[in-house]
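K.L.:
I'd like to go over a predicted model; first the sequence, then the structure.
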Amino acid sequence: MTIHIRLFTLSDTDFIESLIPRFSEFDLPSWRTPDEIDNANLASLKKAMETPEPGSAIFIAEDETGKRAGFLHIQIQTDYFNGSKVVYISDVAVDSSFEGQGVGRILLDQAEAWAREQGCSLLTLYVFSNNSRARKVYEKLGFKEEVTKYVKPLFQKE
């Protein structure tokens, strides 16, 4: 199988929206629900697709037949500690029918190549601590844990 990467077009919108549930397909913290995760990601991605910000890009991975396999949404940000330009991986998702076939790695390689082209010093992302599948992929590709966010729920979900 050959995977090609291309820039997003508006015709990819339904495909990207169809992958939103992938962001909550693991053991979420007890204070988070799949609906709130999916709704927040959908709103963020709709905005990114409809009104792209300068210094951002959305890439689509597809196989040799043109079947879409996954997507990547990245943004240039400023590093909090030293003010350098960094690329933040806002979203990366692979269609379940392509899972385990290297599509995620290819998309992350694209993020790295784009970051280097932009003259960025770091590639960053957030991942839920319970998302062991994604964490393994990131660590295998050389990502290192830097900052850990702690959360204390003050109210019980009903």
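P.N.:
Everything's here; your move.
K.L.:
Please identify which helix or strand holds Ser90.
P.N.:
Taking DSSP states H and E as the definition, one finds Ser90 inside strand 85-94.
K.L.:
how far does whatever helix or strand Ala69 lives in sit from the chain's center?
P.N.:
Per DSSP H and E: Ala69 is located in strand 68-78. Centroid displacement of strand 68-78 relative to its chain, using CA atoms, centre = their mean, to the nearest Å, is 6 Å.
K.L.:
Give me the buried positions along it.
P.N.:
Under the neighbour-count criterion of 16 or more other CB atoms under 10 Å, strand 68-78 has 68-77 buried. In this view, the C-beta of every residue, glycine as well, is placed from N, C-alpha and C.
K.L.:
between that strand and strand 85-94, how many degrees?
P.N.:
160 degrees (axes from the mean of the first three to the mean of the last three CA atoms, to 10 degrees).
K.L.:
shift numbering so it begins at 290
P.N.:
Done: numbering now begins at 290, and the last item shifts to strand 357-367.
K.L.:
give the contact list for Leu334.
P.N.:
Counting by CB atoms under 8 Å, 6 or more residues apart in numbering, Leu334 makes contact with 305-306, 309, 362, 380.
K.L.:
Make a markdown table from those residues and add distance to Arg424 to it.
P.N.:
Compiled in a markdown table, these are given as follows (distance: CB to CB, whole Å):
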| residue | distance to Arg424 |
| --- | --- |
| Ile305 | 23 |
| Glu306 | 25 |
| Ile309 | 20 |
| His362 | 19 |
| Asp380 | 16 |
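K.L.:
Narrow the residues you listed to those that are buried.
P.N.:
Using 16+ other CB under 10 Å, the buried members of these are 305, 309, 362, 380.
K.L.:
Which single helix of this structure contains the most residues?
P.N.:
helix 323-339 (DSSP state H).
K.L.:
Mind exporting the C-alpha coordinates of that helix to CSV?
P.N.:
Included here for helix 323-339 are C-alpha records, laid out as CSV according to Å, rounded to 0.1, in the frame of the first residue of the first chain:
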residue,chain,number,x,y,z
PRO,A,323,-17.0,11.1,24.8
ASP,A,324,-19.6,13.7,23.9
GLU,A,325,-17.7,16.6,25.3
ILE,A,326,-14.4,15.5,23.8
ASP,A,327,-16.1,14.9,20.4
ASN,A,328,-18.1,18.2,20.4
ALA,A,329,-15.0,20.2,21.3
ASN,A,330,-12.9,18.6,18.6
LEU,A,331,-15.7,19.0,16.0
ALA,A,332,-16.1,22.7,16.8
SER,A,333,-12.3,23.3,16.7
LEU,A,334,-11.9,21.4,13.4
LYS,A,335,-14.9,23.0,11.7
LYS,A,336,-13.4,26.4,12.5
ALA,A,337,-9.9,25.3,11.2
MET,A,338,-11.5,24.0,8.0
GLU,A,339,-13.8,26.9,7.4
